[in-house]
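A.B. asks: build the 3D model from these lines:
(3 chains)
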Amino acid sequence: MIMILETIGQLLIKVREENPLVHNITNVVVTNFTANGLLALGASPVMAYAKQEVADMAKIAGALVLNIGTLNEHEIEAMLIAGKSANQHGVPVLFDPVGAGATSYRTETSQRLAQELDLAFIRGNAAEIANVIGERWEIKGVDAKEAGGDVEDLARAAAKKLRTIVAITGKVDVISDGETTYSIHNGHPILTKVTGTGCLLTSVMGAFAAIANDKLIAGAAALVCYGVAAQLAAEKAAGVGPGSFQIEFLNALHNVTADDVRRFGYIEKKE
Amino acid sequence: MIMILETIGQLLIKVREENPLVHNITNVVVTNFTANGLLALGASPVMAYAKQEVADMAKIAGALVLNIGTLNEHEIEAMLIAGKSANQHGVPVLFDPVGAGATSYRTETSQRLAQELDLAFIRGNAAEIANVIGERWEIKGVDAKEAGGDVEDLARAAAKKLRTIVAITGKVDVISDGETTYSIHNGHPILTKVTGTGCLLTSVMGAFAAIANDKLIAGAAALVCYGVAAQLAAEKAAGVGPGSFQIEFLNALHNVTADDVRRFGYIEKKE
Amino acid sequence: MIMILETIGQLLIKVREENPLVHNITNVVVTNFTANGLLALGASPVMAYAKQEVADMAKIAGALVLNIGTLNEHEIEAMLIAGKSANQHGVPVLFDPVGAGATSYRTETSQRLAQELDLAFIRGNAAEIANVIGERWEIKGVDAKEAGGDVEDLARAAAKKLRTIVAITGKVDVISDGETTYSIHNGHPILTKVTGTGCLLTSVMGAFAAIANDKLIAGAAALVCYGVAAQLAAEKAAGVGPGSFQIEFLNALHNVTADDVRRFGYIEKKE
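C.D. replies: Reported below is the predicted structural model:
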């Protein structure tokens, strides 16, 4: 896996060189953290929500990220308009089905977005992804219980059913296009103590998707770089607390290098 | 008061063990801080605002927190739907009347929510609470001037009139169910230099209300644990500034122990 | 320029003494940071967005700040109501045309607000200001490319055309009322790595506008104090990253003194 870590390091450098514009329609809890995380990494965030402008903004973006963490009917309408504009202009669309399964409104909206838009990626925890494809996993609020079930199988099945790349994050992260699957063993448990670390990850995948032709590798690269940054940050904030981790993580997204990826990245190809 | 500090320490441990889901319908200024504060403490936050889903989310929550800091007509509608669902399912509803008295829209909305819902708690500063029960205290924006007036009497009167537990926070915090009243002498002035520390406190009261039968003690426990955490954080950020205090406070909410409560908690029973 | 730095230092002290209420109708990305920045400086922030209450809130404020970073039709309506109320009651209105030029919705809304309201200040990057007066500069998302063009000339021309004070921020900050122009050489490049540093600056200008009769000097004072605080923070966070800078910047807004202004402020009068 040395070759792929080399490629991932190069993509990280390319994100910083090309500074891609990532258009986010995301939830109110994580907007600030998402913008700061993308800036720290070296991408250029924009948030735009009004139906009057989302088509214009999405088409000039390098990627469009849709996140239903605090969805409402106006935002869903805007997501569909933005998503269709992105689809028309070849801009990759990423979808984060926050809380799918927690309420039927979230589950149905997720399924509708997955159906009406041509998605490049879906990223969620196992319960969310399962609910998008109509399987039931236990979910509590917006945080999944990582109960039984094979996450790799789920990613593969969801990718095939939804004809997109599916990333399932948890203790181990898995990403699959239905044919090829990678598992990534980076990251740190303290990520679960800071809100929006999943949401920001989807936006970071957007930044990588914007600058890479091979979308599966782009997604895997985002997972590895993000996980390695989390490890570096967790080391600095060890024993201090989640407040300090949040700040160190923004620092680490800014400071993580291709060399760190080479040294600490841990990715396996599964088939 | 050694006995009650013992109980409060046990409740803190129970919050972390049970990890209650707290559904917040709150203002856009404090969503991120509220979510991170609840996560740091050991609770599980969820934000959901759409009328299509709030009833579903509220009924599976351990507590519902309503905060009118940036209210609008759609949010008020959602609060009423969520509140009624919570009432039906025995989920405690907490209300934070941010800025009641600053505009008549806030005052009237506060009175309407207090009337139409069966509230378990109201928490605010003295001016806000006074305005909810139709008395006038000076208010400037959303920050009260702690002018004259006996805060304990106000808490008692408001609790009787609104038939709920009332917490009034300020230099000294007071909580009363109309019969029994506690005053809590923890906390730190620098809390007023970080936005949302009042709002987060109401959500923390929600986390305690979710796991305790005696709601008055639950509320007092939240006030003590929160105040002690603030003192620990203020010590770490002494002389540095409110930016660092904010981070240290999130750390402290994560790190504060039953033993800290025993050592630094300062609560008095008033009648 | 020693005299003017003396005046600026006095204004900083006055902000902290008078603690002006700044009513913000701003974007969802920066609400928390804006509130914390104003609190840290010594002002009193309030966010209120509902058409039912913005007139009431604006009229009791020391300044009203309008920011279209995540505009929608309801917010625009509220901005017009609040702005007219502020105009009637002599409350200075500041406008931040975030992303003007990025979409026609933003450009047209900016022009409409500038036309229908009596603005005391507009603050933006060069591309935004150019787009408000109908000139084209390149813009990418909400971040301007500081391409050619003379920024001082642009500020002067925009001030004359819009009959307001115009502040253009970038590597060098410029503020002009069309007759007198100042350039300020404070600040630090890492400000561009934290979201909302421009938005917060407009709100800080609001705090100074609230307490000073000479609005041009008030605006210049805000730019100098903000820039000096950024330099102090950048020194503390040197080599660490944008997460730490964000926190140190909040600390510095709290800690920056009239003496720091005297020592590190760098302002030139241009005509």
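A.B. asks: list the residues that contact residue A:7.
C.D. replies: Neighbouring residues of residue A:7 by Cβ atoms under 8 Å, 6 or more residues apart in numbering or on different chains: A:217, A:221. C-betas here are computed from N, CA, C, even on glycine.
A.B. asks: helix, strand, or coil at it?
C.D. replies: Of the three states, residue A:7 takes helix under DSSP: H, G, I helix; E, B strand; the rest coil.
A.B. asks: which residue ranges form the helices in the stretch 151-271 of chain A?
C.D. replies: In the stretch 151-271 of chain A, the helices defined using DSSP state H, counting those that start in this stretch lie at A:151-162, A:197-211, A:215-236, A:242-255, A:258-264.
A.B. asks: what angle do the first one and helix A:215-236 make?
C.D. replies: Orientation note: helix A:151-162 sits at an angle of 140 degrees relative to helix A:215-236 (axes from the mean of the first three to the mean of the last three Cα atoms, to 10 degrees).
A.B. asks: helix A:151-162 - contacts with which helices or strands?
C.D. replies: Packed against helix A:151-162, as judged by 3 or more Cβ pairs under 8 Å, 6 or more residues apart in numbering or on different chains; DSSP states H and E, are the following elements: helix A:126-132, strand A:165-168, strand A:173-176, strand A:181-184.
A.B. asks: picking up where we left off before, how about the helices of the stretch 151-271 of chain A in JSON lines, adding distance to residue C:101 and mean pLDDT?
C.D. replies: Output for those, formatted as JSON lines (distance: least, Cβ to Cβ, whole Å; pLDDT from 0 to 100):
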{"stretch": "helix A:151-162", "distance to residue C:101": "37", "mean pLDDT": "95"}
{"stretch": "helix A:197-211", "distance to residue C:101": "21", "mean pLDDT": "98"}
{"stretch": "helix A:215-236", "distance to residue C:101": "29", "mean pLDDT": "98"}
{"stretch": "helix A:242-255", "distance to residue C:101": "28", "mean pLDDT": "98"}
{"stretch": "helix A:258-264", "distance to residue C:101": "35", "mean pLDDT": "98"}
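A.B. asks: contacting residues for the residue lying closest to residue A:158 once chain neighbours are set aside?
C.D. replies: Using Cβ to Cβ, 6 or more residues apart in numbering or on different chains and skipping residues adjacent in sequence, the residue nearest residue A:158 is residue A:166, 4.4 Å away. Contact analysis of residue A:166 by Cβ under 8 Å, 6+ apart lists A:121, A:122, A:123, A:129, A:155, A:158, A:159, A:175, A:176, A:177.
A.B. asks: try it again at 6 Å.
C.D. replies: Counting by Cβ atoms under 6 Å, 6 or more residues apart in numbering or on different chains, residue A:166 touches A:122, A:155, A:158, A:159, A:176.
A.B. asks: wait, residue A:67 sits on residue A:198?
C.D. replies: No - Residue A:67 lies out of contact with residue A:198 (Cβ atoms under 6 Å); the separation is 9.2 Å.
A.B. asks: these two: which is more packed in?
C.D. replies: Neighbours per residue (other Cβ atoms under 10 Å in any protein chain shown) separate residue A:67 from residue A:198, with residue A:67 holding more: 28 against 24.
A.B. asks: who does the more buried one bridge with?
C.D. replies: Counting by DSSP bridges, residue A:67 is bridged to residue A:96.
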